[in-house]
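**Student:** The amino acid sequence is not available; the structure is as follows:
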């Protein structure tokens, strides 16, 4: 799964109608709604949109015939294996009717082209693991953890004897990282996986 790295825009004219697509990464329904409100043009004929965040999704045809705008846009998001993404396509009507098939191609195609042009980042599922270790082991453990791709140290808490590190570990690497820390500290590290 991927998400967008940043906002993207794409514009095209189809039979005298102007279609302007805006896409962005979003982490919540509220963020998606705020982006839709921000980029929608009240002077346009239609501001159709779609978003997906995990299992949740929504779309709107905004006055176009049912199923001709929002749903093809959602299919463009899903077709590129995107999550946490929103797309808005604004249409300024040019006087030529496109028909249902033409609208599906126009909205879905405009959204898909915009999404294809956007830089993407892979979504790496992570799990939180807490490592507790003494000061004698801390520098080595920390430097080896930071060498693990896609791992993030979220928080450090220091005490009299050592430190606790809250680490977001890629799920696929969790067992390997736990074994590495155990070996580095000869079993002295405390490990809390939240189970």
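**Tutor:** Done, it's in. All values derive from a computational prediction rather than experimental measurement.
**Student:** top helix in this protein by residue count?
**Tutor:** helix 99-117 (DSSP state H).
**Student:** Just after that one, pick out the following helix or strand.
**Tutor:** The helix or strand immediately downstream of helix 99-117 is strand 120-122, counting by DSSP states H and E.
**Student:** who does that next one pair up with?
**Tutor:** Its sheet considered, strand 120-122 pairs with strand 2-4 (antiparallel) by DSSP bridges.
**Student:** Check which helices and strands the following helix or strand past the partner strand is in contact with.
**Tutor:** For strand 2-4, the following helix or strand on the C-terminal side (DSSP H and E) is strand 8-14. Helices and strands touching strand 8-14, as assessed by 3 or more C-beta pairs under 8 Å, 6 or more residues apart in numbering; DSSP states H and E, comprise strand 17-25, helix 99-117. In short, each C-beta sits where N, CA and C put it, glycine included.
**Student:** Output these in TSV; the columns should cover mean pLDDT.
**Tutor:** Listed next are those as TSV, based on pLDDT from 0 to 100:
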stretch	mean pLDDT
strand 17-25	98
helix 99-117	97
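**Student:** just the ones you listed: most buried one?
**Tutor:** Mean neighbours per residue, mean count of other C-beta atoms under 10 Å, is largest over the helices and strands packed on strand 8-14 for strand 17-25, with a mean of 23.
**Student:** okay, the angle between that one and helix 99-117?
**Tutor:** 40 degrees (axes from the mean of the first three to the mean of the last three C-alpha atoms, to 10 degrees).
**Student:** quick one: strands adjacent to strand 17-25?
**Tutor:** strand 8-14 (antiparallel), strand 85-92 (antiparallel).
**Student:** Same list, these, but as a markdown table with distance to residue 160, mean pLDDT and mean neighbour count please.
**Tutor:** Output for the strands paired with strand 17-25, formatted as a markdown table (distance: least, C-beta to C-beta, whole Å; pLDDT from 0 to 100; neighbours: other C-beta atoms under 10 Å):
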| stretch | distance to residue 160 | mean pLDDT | mean neighbour count |
| --- | --- | --- | --- |
| strand 8-14 | 51 | 98 | 16 |
| strand 85-92 | 47 | 98 | 26 |
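**Student:** Now distance to residue 108 too, for those, in TSV please.
**Tutor:** What follows is the strands paired with strand 17-25, written out as TSV (distance: least, C-beta to C-beta, whole Å):
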stretch	distance to residue 108
strand 8-14	12
strand 85-92	9
